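Novice: Everything below, folded, please.
(2 chains)
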Amino acid sequence: GQQLNQSPQSMFIQEGEDVSMNCTSSSIFNTWLWYKQEPGEGPVLLIALYKAGELTSNGRLTAQFGITRKDSFLNISASIPSDVGIYFCAGQLSSSNTGKLIFGQGTTLQVKP
Amino acid sequence: DTGVSQDPRHKITKRGQNVTFRCDPISEHNRLYWYRQTLGQGPEFLTYFQNEAQLEKSRLLSDRFSAERPKGSFSTLEIQRTEQGDSAMYLCASSSGQGDTEAFFGQGTRLTVV
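Specialist: Take a look at the predicted model:
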């Protein structure tokens, strides 16, 4: 099936540091979403992107829809301990309008106080 | 309405038994999705409803799986003759289906087949 390549797989950083993660694909997407998931819970929507080149912020989080429409990036500035969790990118293929999402494998973030 | 609700949160069953999960989407959301998530992986699409119509099913959804959304509101996912490989987190999500793709997830049902 379709794949989203998400990297890095995991990160262990110091509180206060900035974090960057990204997702790439060989396919073109018309929507990119970023979610955060904590143990035993469902994914929580962080940011939604709908246009190539779009840059959107949500507090300390900033995400971009890549110009090629095949990638997206998420940055977290000045990380804090509660940022710990697994971050997933998800996208809807340009050939679809059903809202069906393809997910990356996730980036596990650990923050050292 | 505080979000997507799933029940039960956890289910342990013996191999060969049938199980049924329920999902209550956000009110007035037309679209409802089921995903499956195994440890260390992202969610994988299973099936999608637009109101009461099931419009797409993944090849992951074997004949032992059936989903319904009888009145276009809540949905059920049934797994018959469970196998150990069915052990996973089953996630439900809903979206308004009106010009955006923002899907909101429930807390999931963790299934363990022993």
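Novice: what residues does chain B put near chain A?
Specialist: Proximity of chain B to chain A is confined to B:4, B:6, B:31, B:33, B:35, B:40-45, B:48, B:50, B:55-56, B:91, B:93, B:95, B:97, B:100-108, B:110 under the rule CB under 8 Å from any CB of the partner chain. C-beta: built from backbone N, CA, C; applies to glycine.
Novice: Which of those residues fall within helices?
Specialist: Using DSSP state H, the subset of those located in helices is empty.
Novice: Only whichever of those are buried, select them in PyMOL.
Specialist: To isolate the buried ones among the residues of chain B next to chain A in PyMOL, judged by 16 or more other CB atoms under 10 Å in any protein chain shown, type:
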select buried, chain B and resi 4+6+31+33+35+42+43+44+45+48+50+56+91+93+95+97+101+103+104+105+106+107+108+110
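Novice: all strands of chain A, in order?
Specialist: For chain A, the strands defined by DSSP state E cover A:5-7, A:10-14, A:19-24, A:29-37, A:44-49, A:55-58, A:61-65, A:71-76, A:85-93, A:102-103, A:107-112.
Novice: Residue of chain B nearest chain A, please.
Specialist: Closest contact between chain B and chain A, by CB to the nearest CB, is at B:Gly42 (3.1 Å).
Novice: on that earlier part again, of all the strands of chain A, which lies closest to B:Ser27?
Specialist: Of all those, it is strand A:44-49 that lies closest to B:Ser27, at 17.3 Å by CB to CB.
Novice: quick one, what contacts the residue of chain A found nearest chain B?
Specialist: Nearest to chain B, among the residues of chain A, is A:Phe103, at 3.1 Å (CB to the nearest CB). By CB atoms under 8 Å, 6 or more residues apart in numbering or on different chains, the contact set of A:Phe103 is A:Leu4, A:Phe88, A:Cys89, A:Ala90, B:Gly42, B:Pro43, B:Glu44.
Novice: Excluding sequence neighbours, find me the nearest residue to it.
Specialist: Nearest residue to A:Phe103, sequence neighbours excluded (CB to CB, 6 or more residues apart in numbering or on different chains): B:Gly42, at 3.1 Å.
Novice: okay, that neighbour: pLDDT?
Specialist: Model confidence at B:Gly42, given as pLDDT, is 96.
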